[in-house]
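>>> I'll drop the sequence and a predicted model, then ask my questions.
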Amino acid sequence: MLELDAVRVGYGPVEVLRGVSLRVGAGEFVALVGSNNAGKSTLLLTVSGLLRPTHGAIRLDGEDVTTLAPHEVVGRGIVQVPERKRLFPRMTVLENLLLGGSNERARPAREATLARMFETFPVLEQRLQQLAMTLSGGEQQMLAIARGLMAQPRLLLLDEPSLGLAPLMVAEIYRVLARLNSAGLTVLLSEQNARMSLQASQRAYVLQEGRVAMSGQSRALLESDDVRRTYLGL
Amino acid sequence: MEPQILLQTAISGLLFGSIYGLIAFGLTLVFALTRLLNFSHGSFMLLAMYISLVLHNIFRLDPYASILINVPLLFGIGLLLFRWLFARMMESHLIMVVQLTLGLVFIVESLLQMTFTADPITVPTAISSSKIYLGGIIVRTPLLVAFAVAAVLSSALYWMLHRTDFGRFIRASAQDPVAAALMGINVGRVRVLAFALAIGLLGVTGPLAIPMWVLEPSIGLELTLFAFIVIVLGGLGSFLGAFAGGLLVGVAEAFGHLLLPGTLAPIVPYALFVIVLLFKPDGLMGEA
C-alpha cells in the first residue's frame, strides 16, 4: 500500500532521514521504533506532505505521492493522528470531530461516521460540548484518534499515542488500535514505547539516526538481543 | 451637564463604534489566520470610500448603493493582494511585514492624493442629514443604519465562524495550521479567502462611514492604528471582543469630544486603552 524508497529529508543543512526505505502492506499493523530523535516524527510528517524529501520517492498503491500537499494526501486516504497536544484546544469535542470528517472523501458520510465514533469511544459522546483543552490526557488521545478516523482513512499514521499516559490508558488505546486493525484498517505507528508497539504490531522498523537499523517481524525483534538491550533496557 | 446630553453622547458613540467594531473584526480575522500585522488594512477602507466618491460623481450613485460594487471589487483586490504579497510574507521577519504594509499605506495615499488632491471631501447620501427623535434624544439616521448593518454583519460572520464548515476551517487554521493541514484542510486556500473576506468587508464599512466622515487621503494609517487599539482592547484574536472593543472605543471617543477641548479629545480612547490593559492585560475577552 505505502512504499518509501530511499527517502532523505533535512531541515536546512541537517539531514534527519538519511535514505529510509520501508513498506506497509494493506491491512498490516507496522510499528516504527526508535529513540527520541531517530526521525520517526519526521518520517510521518513527510508521508503526510508537510515535509518534502530532498531525494527518494513515496508511493501509494504504486502512485507517486511524493510532492502532494497535505490536504491532497488526506484526500488519498492517508490520515495522521498527530500528538494529542495538536487537537484544536479551544474548539469543542464535536467541532474537532466534525473537522476530522470534513475532507471531500469523508464529508458525505460524516454523520454516520460520527455515530460509529460514539460507539467506539462512548466517553466522547458525554463530552461533546466541552472544549478539547478541558479533557483528561486519555480522553484527549481518544479524541485525537477519533478525529483521525472521522477522515475515513485507509492508512492511519499515529505519532506517539502513548506519550504521557497512565499505563491503564495506554493499554486501552492499544486495544482500540488492535480492534481497528482487525477490522481492516492499515496502521503505521510511531512509538518510543518499544515493548508496547512491538507487542501490538505484526512488523516493525527500528530507526536509528535517520536510517533503518533493523526490520522484521515484531515478535522476532522483541526477542533480538540488540533490541532488548537498546530499546527495552534488558 | 444635562443627563439628556450624556445619554445622547453615549448612544451616538456606541452606534459609531460599530464601524470600528466591523473594521476590527476583519483585522482580527487576518491576524488570527496569518499572524501578519497589516498596517494597510484601514487604507483599503479609505479606498472603498473614494470608490464610492467616484461612483457618485460619475453615475450619481448613492454611497449606500455603491456597497454592491465595492464589496466584490475589494474582495478581488484582497485575493490578488494576498496571492502576490501577503502569502509571500508568511515566513518573513516582523520588520519586513511592517515595512511592506506601511509601504502599501503610502502607495494608496499617494495614488489618492494624485487623483483627488489632498483636500477634504464629503460625499452626500440620501439620508446624510436625516435624524430620528427617540424620546428626547436625537439620533442621526446614518448612525442607526451603520449600527444595524454592522450588528447584522458581525452576527452573520460570528455564526459563519461557529456553525459552518468554512468557519470551522478558519478557526482550526488559526489555532493550529499544521493540525488543520493534517485534517485535510487546504490552509493556504482558507487564508487567501479569509483575507479577501476581511478586505471585502471594508467595501461595506467604508460606505457606511461616509455620512459621518470627511475623506482625506492621509487618514488610512490612522484608521488602522485605531483598529489595532480596538482589537488589543477586546482581546487579541477574539471576534466578539473586537466588536465590543469597537463599541467601547466609539463611546470613549464621543465623550472625549463632549467633555474635553478639541485638541485633547482624541487622547481619550488611548487613555482608555492604557487603563484597561493595566487591569486586564489580555484585553476584555481574552482569547477566542
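Now that the structure is in, tell me what you want to look at. Numbering: from 1, shown residues only, chains lettered A, B, ... in the order given.
>>> Contacts only, for residue B:120.
B:214, B:215, B:216 (CB atoms under 8 Å, 6 or more residues apart in numbering or on different chains). The C-beta positions use only the backbone N, C-alpha and C, and glycine is treated the same way.
>>> how much space is there between it and residue B:214?
Distance of residue B:120 to residue B:214, given as CB to CB, to the nearest Å: 4 Å.
>>> Also residue A:86?
50 Å.
>>> of these two, who's got more company?
residue A:86 (20 against 11; other CB atoms under 10 Å in any protein chain shown).
>>> what's the spacing between the closest residue to residue B:224 other than its chain neighbours and residue B:221?
In space, and not counting its chain neighbours, residue B:224 is closest to residue B:42: 3.6 Å by CB to CB, 6 or more residues apart in numbering or on different chains. Distance, residue B:42 to residue B:221, using CB to CB: 7 Å.
>>> When the two are compared, which one has more neighbours?
The residue with more neighbours, out of residue B:42 and residue B:221, is residue B:42; 26 against 20, by other CB under 10 Å.
>>> Need the mean per-residue confidence for the longest helix seen in chain A.
If you go by DSSP state H, chain A has its longest helix at helix A:167-182. The pLDDT scores in helix A:167-182 average 93.
>>> Given whichever helix or strand comes after it, what are its sheet partners and their directions?
Counting by DSSP states H and E, the element after helix A:167-182 in chain order, helix or strand, is strand A:186-191. Partners of strand A:186-191 in the sheet, by DSSP bridges, are strand A:29-33 (parallel), strand A:155-159 (parallel).
>>> What residues of the longest helix of chain A count as buried?
Counting neighbours by 16 or more other CB atoms under 10 Å in any protein chain shown, one finds that the buried residues in helix A:167-182 are A:169, A:170, A:173, A:174, A:176, A:177, A:180, A:181.
>>> Please apply the same query to stretch A:5-25.
A:5, A:7, A:8, A:9, A:10, A:15, A:16, A:17, A:18, A:20, A:22, A:24.
>>> for stretch B:263-273, same thing?
The neighbour-count check on stretch B:263-273 (16+ other CB under 10 Å) flags B:265, B:268, B:269, B:272, B:273 as buried.
>>> what are the ranges of the helices in the chain?
Because you didn't say which chain, this covers chain A. Counting by DSSP H, the helices of chain A are A:40-47, A:70-75, A:93-100, A:110-120, A:122-126, A:137-149, A:167-182, A:194-200, A:218-223, A:225-231.
>>> Sorry, I should have been clearer: chain B.
Ranges of helices in chain B, per DSSP H, are B:3-34, B:41-59, B:63-81, B:87-89, B:94-116, B:141-163, B:165-175, B:177-182, B:187-209, B:220-234, B:239-259, B:267-279.
>>> hmm, the first one touching chain A?
No. No part of helix B:3-34 sits near chain A under the criterion CB under 8 Å from any CB of the partner chain; the closest distance found is 11.2 Å.
>>> Distance check, the residue in chain B that chain A sits nearest to against residue B:116.
As assessed by CB to the nearest CB, chain A sits closest to residue B:184 within chain B, at 3.3 Å. Look at residue B:184 and residue B:116: by CB to CB, they are 47 Å apart.
>>> go on, residue B:276?
For residue B:276, the distance to residue B:116 equals 37 Å [CB to CB].
>>> Of the two, which one has the most company?
The neighbour count for residue B:276 versus residue B:116, taken as other CB under 10 Å, is higher for residue B:276 (19 against 15).
>>> can I assume that one is in contact with residue B:282?
No. With contact defined as CB atoms under 8 Å, residue B:276 does not reach residue B:282; the gap is 10.2 Å.
>>> related to what we said a few turns ago, just send the helices of chain B back as CSV, with mean pLDDT too.
Formatted as CSV, the helices of chain B follow (pLDDT from 0 to 100):
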stretch, mean pLDDT
helix B:3-34, 92
helix B:41-59, 96
helix B:63-81, 97
helix B:87-89, 90
helix B:94-116, 94
helix B:141-163, 95
helix B:165-175, 95
helix B:177-182, 95
helix B:187-209, 96
helix B:220-234, 90
helix B:239-259, 91
helix B:267-279, 88
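>>> so what's residue B:160 closest to, chain neighbours aside?
Spatially, and ignoring its direct neighbours in sequence, residue B:160 is nearest to residue B:167 (4.5 Å; CB to CB, 6+ apart).
>>> before we move on, what about residue B:28?
Excluding its sequence neighbours, the residue lying closest to residue B:28 (CB to CB, 6+ apart) is residue B:242, at 4.5 Å.
>>> same question, residue B:182
Distances taken as CB to CB, 6+ apart put residue A:80 closest to residue B:182, at 5.0 Å, once the chain neighbours are dropped.
>>> Tell me the bridge partners for the residue lying closest to residue A:214 once chain neighbours are set aside.
Spatially, and ignoring its direct neighbours in sequence, residue A:214 is nearest to residue A:206 (4.2 Å; CB to CB, 6+ apart). On the basis of DSSP bridges, residue A:206 is bridged to residue A:33, residue A:214.
>>> Which residues are in contact with residue A:206?
So residue A:206 contacts A:33, A:34, A:212, A:213, A:214, A:215, A:221, A:227, A:231 (CB under 8 Å, 6+ apart).
>>> again with residue B:253
Taking CB under 8 Å, 6+ apart, one finds B:13, B:16, B:17, B:265, B:266, B:268, B:269 in contact with residue B:253.
>>> again with residue A:59
A:2, A:3, A:5, A:65, A:66.
>>> do residue B:96 as well
Neighbouring residues of residue B:96 by CB under 8 Å, 6+ apart: residue B:89.
>>> Residue A:53 against residue A:46, yeah?
Yes. Using CB under 8 Å, residue A:53 is in contact with residue A:46, at 6.0 Å.
>>> near chain A, which residues of the stretch 101-250 of chain B show up?
Residues of the stretch 101-250 of chain B lying near chain A (CB under 8 Å from any CB): B:165, B:168-169, B:171-172, B:175-176, B:178-187.
>>> PyMOL command to pick out the buried ones of those?
Applying 16+ other CB under 10 Å to those, the buried members can be selected in PyMOL as follows:
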select buried, chain B and resi 168+169+171+172+175+176+179+180+181+182+183+184+185+186+187
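>>> Tell me how many other residues surround residue 226.
Answering for chain A, as no chain was given. Residue A:226 has 11 neighbours, counted by other CB under 10 Å.
>>> Switch to chain B, please.
Residue B:226, neighbours per other CB under 10 Å, totals 20.
>>> Tell me who's in contact with residue A:83.
Applying CB under 8 Å, 6+ apart to residue A:83 gives the contacts A:144, A:159, A:160, A:163.
>>> For the nearest residue in space to residue B:249 that is not next to it in sequence, list the residues it contacts.
Among residues not flanking residue B:249 along the chain, residue B:269 sits closest, at 4.8 Å (CB to CB, 6+ apart). In this structure, residue B:269 makes contact with B:226, B:229, B:249, B:252, B:253, B:256, judged by CB under 8 Å, 6+ apart.
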